[in-house]
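*Asks:* 3D, please:
(2 chains, ligands or ions: 2)
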There are 2 protein chains.
Amino acid sequence: MADAFDPTTHPHRRFNPLTNEHVLVSPHRTKRPWLGQTEAPQPTNLPQYDPACYLCPGNSRSSGDKNDTYDHTMVFRNDFAAVLPPPGPLGPAAPHPLLATQPVQGDCDVIIFHPRHDLTLAHLPAEDIEKIIEEWVSIYHKRGTQEGIKYVQIFENKGAMMGCSNPHPHGQVWSLSEVPTIPSIELASLKRYASNPDVSSSEAPRGPNGEPCLLCEYVHYERSVPQDEGRIVVQNEHWVALVPWWATWPFEILVLPHHCHIPSLAHLTPEEKTSFAQILSAMTIRYDNLFSSSFAYSMGIHQRPVPAKEGADDEDDVAHLHLHFFPPLLRSASVKKFIVGFELMAEAQRDLTPEQAAQKLRACSDVHYST
Amino acid sequence: MADAFDPTTHPHRRFNPLTNEHVLVSPHRTKRPWLGQTEAPQPTNLPQYDPACYLCPGNSRSSGDKNDTYDHTMVFRNDFAAVLPPPGPLGPAAPHPLLATQPVQGDCDVIIFHPRHDLTLAHLPAEDIEKIIEEWVSIYHKRGTQEGIKYVQIFENKGAMMGCSNPHPHGQVWSLSEVPTIPSIELASLKRYASNPDVSSSEAPRGPNGEPCLLCEYVHYERSVPQDEGRIVVQNEHWVALVPWWATWPFEILVLPHHCHIPSLAHLTPEEKTSFAQILSAMTIRYDNLFSSSFAYSMGIHQRPVPAKEGADDEDDVAHLHLHFFPPLLRSASVKKFIVGFELMAEAQRDLTPEQAAQKLRACSDVHYST
Ligand SMILES: [Zn+2]
Ligand SMILES: [Zn+2]
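*Replies:* Ligands and ions are numbered 1, 2, ... in the order given. Next up is the predicted model:
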């Protein structure tokens, strides 16, 4: 009991208040010799246009449809959708209460981010990222107001390491007739926090009805920590990108608005969209600079499940718009983290602390290494 | 609405009552052309003894310690443990209620399964697997009765695909001063089920105090389904290995006793250990035969957190001993499933149904392909 607690030395657990799960942090292990899986280096020097790419302008897709010669973004229905549009059959009677079948309908869309085959968010000027944000706003409205849709999940897999077989910059949108597990758990946590009378008041912005918002409160605290000690990687007038206290991926980042409570993409002002594009540019440039390579990740947008419907209950406004970036790389452009064993069976686990990860990302240049 | 619901055609969700999470099933997608990540083939023709292996009998480990010339199993403390034994420092005061630090102590052990470098569970005679089970029983007792330990997590990572850098057969045991997230969630689900007055009675065995047990009830139902239609892969007098209704991995298997409620390894009779070894042999042989390759997986044992302490509350006896096998392979010896995008951000998702997976595993020979 002699030593004082040191978060860079002593094993400890941190609690994720969005999902109510813990992460086990083992900072003393960052010195062990063998960590993670070695991956082949990602291809570089991609062409600006690839005649074999089904996402490049004017090319044909596997459905036989031909892409437009689009200037900024383009949206089409995924030819191998995980869910199918309504109507679908009703579920069968459950043979046992533990084996109920819940049919699900919906749509899966692909958003091409840019005509250039070789560019990613980290290479695009903020004006071009703003066009992608406009496309997210528009598809959130289009799919989210469709009959029977209860959640619109926007996400991006970037890099072969994340199962993305085509480097042409693009994301996906799965719209479902049920709220999926993780957004549903997060929403419940936000609701619980809003109605908890024990939450002490701070100067943080408040959620609907003046009730406390878990994420407004959290980001307000993070902004009060001296910059070089904390978890913030970059910030601007409206947005923060930080490695959350409870991060499970080595260089996980949470992007969220800090100046007020914003439930969804539909609530963004033009100024907020502009600064949103700027922070996405700033943080993805740092990601690429970390290991001087195109940084793989899965990104997902969590927000109000669907836009408010007329006459509908507005309790879903407790949602606080945020983006998760889960990157697999651990300590070089080719060594990624395994999610196996203890993590699959018991609890998320990390060696590097979130503060150490934020420090490494802050130390990266804000100019892309390739320029 | 014309079609009747067909679980091999229509997207649907299934509920996992152990973790209270859903899995999205997209069976119509099993026909899409590109699925999963191609891995390099695993090395075959390993030597019986490898002078460079730190697990082979008589060899030295990185700590400098030398292995015994053991005949069956051998246990040693992990040289790169994720947690450290007590005492440790107290946690610091939380700077904000959302950033509490929970120090954690414990031990990490390695269990070598067999002296032979080249054998896995699928190759070992059941008598040798029984020696491993005895070692699990003994370490569960040793660590679980240690001051301050609240959970003993036994697991195995098999195959380079699962981050296992050494093919010499071995598993791990992490013993912690806190109950980790997943076992804690499962235990809460079992307790909720036991005290739910709405659970209808069946002929299934019962848990403590005659209360219903979620897993006794579930496995009882599965055994009532005609063998060639259901999810059971193999079974014997005491044990069942099945692809659970709510499986998220393509060929996930749950192994559990079916003839009575068994809270932990410490409760097993000699006969139950013998048949336990037999079912582990039978199911791992089928795993290897599925793609005629050494089948990678993470395996974990869930049970009563630690053995009962004298005078302690016995409500943890609601735990029902079971093993999870999570294998990454999808449709060949080299194509594995990605866990990315929608699955990380929203909900587990699978294409192949659990019934289809069980059918493929049942169709495998019960004799190892290499013999
Ligand atoms: Zn979220
Ligand atoms: Zn379990």
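
*Asks:* So which bits of the stretch 201-350 of chain A are right by ligand 1?
*Replies:* Remark: the part of the stretch 201-350 of chain A in contact with ligand 1 comprises A:H302, using Cβ under 5 Å from the ion. All C-beta atoms are positioned from the backbone trio N, CA, C, and that covers glycine.

*Asks:* got the contact list for the residue of the stretch 201-350 of chain A found nearest ligand 1?
*Replies:* Proximity of the stretch 201-350 of chain A to ligand 1 (Cβ to the ion) peaks at A:H302, 3.4 Å away. Counting by Cβ atoms under 8 Å, 6 or more residues apart in numbering or on different chains, A:H302 makes contact with A:I182, A:P183, A:E186, A:A319, A:L321, A:H322, A:L323, A:H324, B:M345.

*Asks:* now do 6 Å
*Replies:* Applying Cβ atoms under 6 Å, 6 or more residues apart in numbering or on different chains, we find A:H302 in contact with A:P183, A:E186, A:H322.

*Asks:* Mind telling me what element the first one is part of?
*Replies:* Assigned by DSSP states H and E, A:P183 falls within helix A:181-194.

*Asks:* hmm, that helix touching chain B?
*Replies:* Yes. With Cβ under 6 Å from any Cβ of the partner chain as the measure, helix A:181-194 is seen reaching chain B through A:T181, A:I182.

*Asks:* Buried ones in that helix, by neighbour count?
*Replies:* By neighbour count, and taking 16 or more other Cβ atoms under 10 Å in any protein chain shown as the criterion, the buried residues in helix A:181-194 are A:T181, A:I182, A:P183, A:S184, A:I185, A:E186, A:L187, A:S189, A:L190, A:K191, A:Y193, A:A194.

*Asks:* got JSON lines for those residues, with distance to B:W246 too?
*Replies:* Listed next are those as JSON lines, based on distance: Cβ to Cβ, whole Å:
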{"residue": "A:T181", "distance to B:W246": "11"}
{"residue": "A:I182", "distance to B:W246": "16"}
{"residue": "A:P183", "distance to B:W246": "19"}
{"residue": "A:S184", "distance to B:W246": "16"}
{"residue": "A:I185", "distance to B:W246": "16"}
{"residue": "A:E186", "distance to B:W246": "21"}
{"residue": "A:L187", "distance to B:W246": "22"}
{"residue": "A:S189", "distance to B:W246": "23"}
{"residue": "A:L190", "distance to B:W246": "26"}
{"residue": "A:K191", "distance to B:W246": "25"}
{"residue": "A:Y193", "distance to B:W246": "29"}
{"residue": "A:A194", "distance to B:W246": "31"}
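
*Asks:* Put together a markdown table for the residues you listed, with distance to B:N166 and pLDDT on each row.
*Replies:* Written out in a markdown table, the entries for the buried residues of helix A:181-194 read as follows (distance: Cβ to Cβ, whole Å; pLDDT from 0 to 100):
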| residue | distance to B:N166 | pLDDT |
| --- | --- | --- |
| A:T181 | 35 | 96 |
| A:I182 | 34 | 97 |
| A:P183 | 39 | 97 |
| A:S184 | 40 | 96 |
| A:I185 | 37 | 97 |
| A:E186 | 39 | 97 |
| A:L187 | 43 | 97 |
| A:S189 | 40 | 96 |
| A:L190 | 44 | 97 |
| A:K191 | 47 | 96 |
| A:Y193 | 45 | 95 |
| A:A194 | 50 | 95 |
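
*Asks:* out of the residues you listed, who's near ligand 1?
*Replies:* Checked against ligand 1 using Cβ under 5 Å from the ion, those give the following subset in range: A:E186.

*Asks:* For ligand 2, what's the nearest residue on chain A?
*Replies:* Taking Cβ to the ion, ligand 2 has its nearest neighbour within chain A at A:M345, 7.7 Å off.

*Asks:* Contacts only, for that residue.
*Replies:* With contacts taken as Cβ under 6 Å, 6+ apart, A:M345 has the following neighbours: B:F155, B:G300.

*Asks:* With A:S62 instead?
*Replies:* Taking Cβ under 6 Å, 6+ apart as the definition of contact, the neighbours of A:S62 are A:D79.

*Asks:* mind checking pLDDT for it?
*Replies:* Turning to A:S62, the model gives it a pLDDT of 85.

*Asks:* would you say it is within a helix?
*Replies:* No. Read with DSSP: H, G, I helix; E, B strand; the rest coil, A:S62 is coil and lies in no helix.

*Asks:* so where's the stretch 201-350 of chain A shaky on pLDDT?
*Replies:* Counting by pLDDT under 70, the stretch 201-350 of chain A has low-confidence residues at A:311-313.

*Asks:* give the contact list for A:I132.
*Replies:* A:I132 sits next to A:T73, A:F113 when contact means Cβ under 6 Å, 6+ apart.

*Asks:* helix or strand for it, which one?
*Replies:* Assigned by DSSP H and E, A:I132 belongs to helix A:126-144.
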